[in-house]
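Participant: Requesting a structural model of the entry that follows:
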Amino acid sequence: MNSIGECQNVLSRRIIVVGDLDSWRAQGRDLPQADEMRFAEFSDISSFFLARHKPDVILAPLCARGFDALELTNRLASEGYQGGLRFLAPDIPVPEIILMELSRLAPDIEIKLIEISKLQSIVTETEMQTT
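Facilitator: Okay, the predicted model is just below:
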């Protein structure tokens, strides 16, 4: 499900991160500034927004305050999005069931889960390869 190559590939694309931005800021989290990365609320997602930012990949939590993976996948499919969609997820015993359901809703979107517990080891390995 996760590989160093996949993470490097995601990091080299135009990315939209979807989440509860007000909550993130209230928790003292800074939103990184990068040319190829945009942050958005679920309510921002529209065909106009997608056309304006032209994301290669959209990154979001599997479940967030105000939306979940099913709702975001459905919204993106209805807006005609056909890029990559990555959900940050806790350890899930059988992630294939979730992927199967999401892919059924949006066959034109490449959907993958990134397990949060494996993310740190992937980032560390990636950093070691680039030094």
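Participant: Could you work out the end-to-end span of stretch 17-25 for me?
Facilitator: 14 Å (CA to CA, to the nearest Å).
Participant: Spit out the contact partners of Glu41.
Facilitator: Glu41 makes contact with 18-21, 66 under the criterion CB atoms under 8 Å, 6 or more residues apart in numbering. From N, CA and C alone the C-beta is placed, and that goes for glycine too.
Participant: One more pass at 6 Å, please.
Facilitator: Leu21 (CB atoms under 6 Å, 6 or more residues apart in numbering).
Participant: Let's verify the most centrally placed residue in the chain: helix, strand, or coil?
Facilitator: Residue closest to the average C-alpha location in the chain (CA atoms, centre = their mean): Leu59, at 1.3 Å. Taking DSSP: H, G, I helix; E, B strand; the rest coil as the rule, one finds Leu59 in the strand state.
Participant: what's the distance between it and Ile111?
Facilitator: 12 Å (CB to CB, to the nearest Å).
Participant: How about Ile16?
Facilitator: Applying CB to CB to Ile16 and Ile111 gives a distance of 15 Å.
Participant: ok, now Ala89?
Facilitator: Per CB to CB, Ala89 is found 11 Å from Ile111.
Participant: dump the residue contacts of Asp56.
Facilitator: Neighbouring residues of Asp56 by CB under 6 Å, 6+ apart: 13-14, 83.
Participant: ok, and the closest non-adjacent residue to it?
Facilitator: Spatially, and ignoring its direct neighbours in sequence, Asp56 is nearest to Arg13 (3.6 Å; CB to CB, 6 or more residues apart in numbering).
Participant: burial count for that neighbour?
Facilitator: Neighbourhood size, Arg13 [other CB atoms under 10 Å]: 13.
Participant: Thank you kindly, that will do.
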